[in-house]
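S.K.: model this:
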Amino acid sequence: MSEMRKTGQSQRAEQFAVVLKMLALSAPAVAITVSGSGLALQNERVPEVIGRHFFLVVSIGWLVVGLFLLSWGKRRLDEIDRKHRPWMYQTEAKGE
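M.R.: Sure, this is the predicted structure:
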């Protein structure tokens, strides 16, 4: 029983680390988006100079980064789950 508890705690710790990495990696994209929006609000000429293209590129970039981080995080969480609970992923050999 104690071994299962340690395994569960270890699994949760690894999953928490993956979520923290996902947040840390997405922070630059959030900062760029927020700073660009703040710049546009403070300076009336920015939308004329940069136009909608800047915000379109930043939005698409944020979407790509977000999708990449979600797929990487999901894959990593599945690896952690397989490592700690291999019996859930074992398939029985089918006889002919």
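
S.K.: make it CA atoms for all contacts and neighbour counts henceforth
M.R.: Noted.

S.K.: Q11 against R82, yeah?
M.R.: No. Using Cα atoms under 8 Å, Q11 is not in contact with R82, being 10.1 Å away.

S.K.: Of those two, which one has the most company?
M.R.: Q11 (18 against 14; other Cα atoms under 10 Å).

S.K.: What average pLDDT does the strand or helix carrying that one get?
M.R.: Using DSSP states H and E, the element containing Q11 is helix 2-42. Helix 2-42 carries an average pLDDT of 72.

S.K.: With stretch 68-79 instead?
M.R.: 82.

S.K.: Which positions within that stretch qualify as buried?
M.R.: 69, 73, 76-77 (16 or more other Cα atoms under 10 Å).

S.K.: now stretch 77-93
M.R.: 77, 80-81.

S.K.: Need these in a markdown table (columns: distance to M22).
M.R.: Output for the buried residues of stretch 77-93, formatted as a markdown table (distance: Cα to Cα, whole Å):
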| residue | distance to M22 |
| --- | --- |
| L77 | 11 |
| I80 | 15 |
| D81 | 17 |
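
S.K.: Between these, which sits nearest K21?
M.R.: Top of the list for closeness to K21, among these and by Cα to Cα, is L77 at 12.0 Å.

S.K.: wait, M22 sits on G73?
M.R.: Yes. The criterion here is Cα under 8 Å, and M22 meets it with G73 at 6.9 Å.

S.K.: what separates S10 from K83, distance-wise?
M.R.: S10 sits 11 Å away from K83, going by Cα to Cα, to the nearest Å.

S.K.: Relative to K83, how far out is L25?
M.R.: 24 Å.

S.K.: Columns secondary structure on top of the buried residues of stretch 68-79, output as CSV?
M.R.: As requested, those are arranged in CSV below (DSSP: H, G, I helix; E, B strand; the rest coil):
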residue, secondary structure
L69, helix
G73, helix
R76, helix
L77, helix
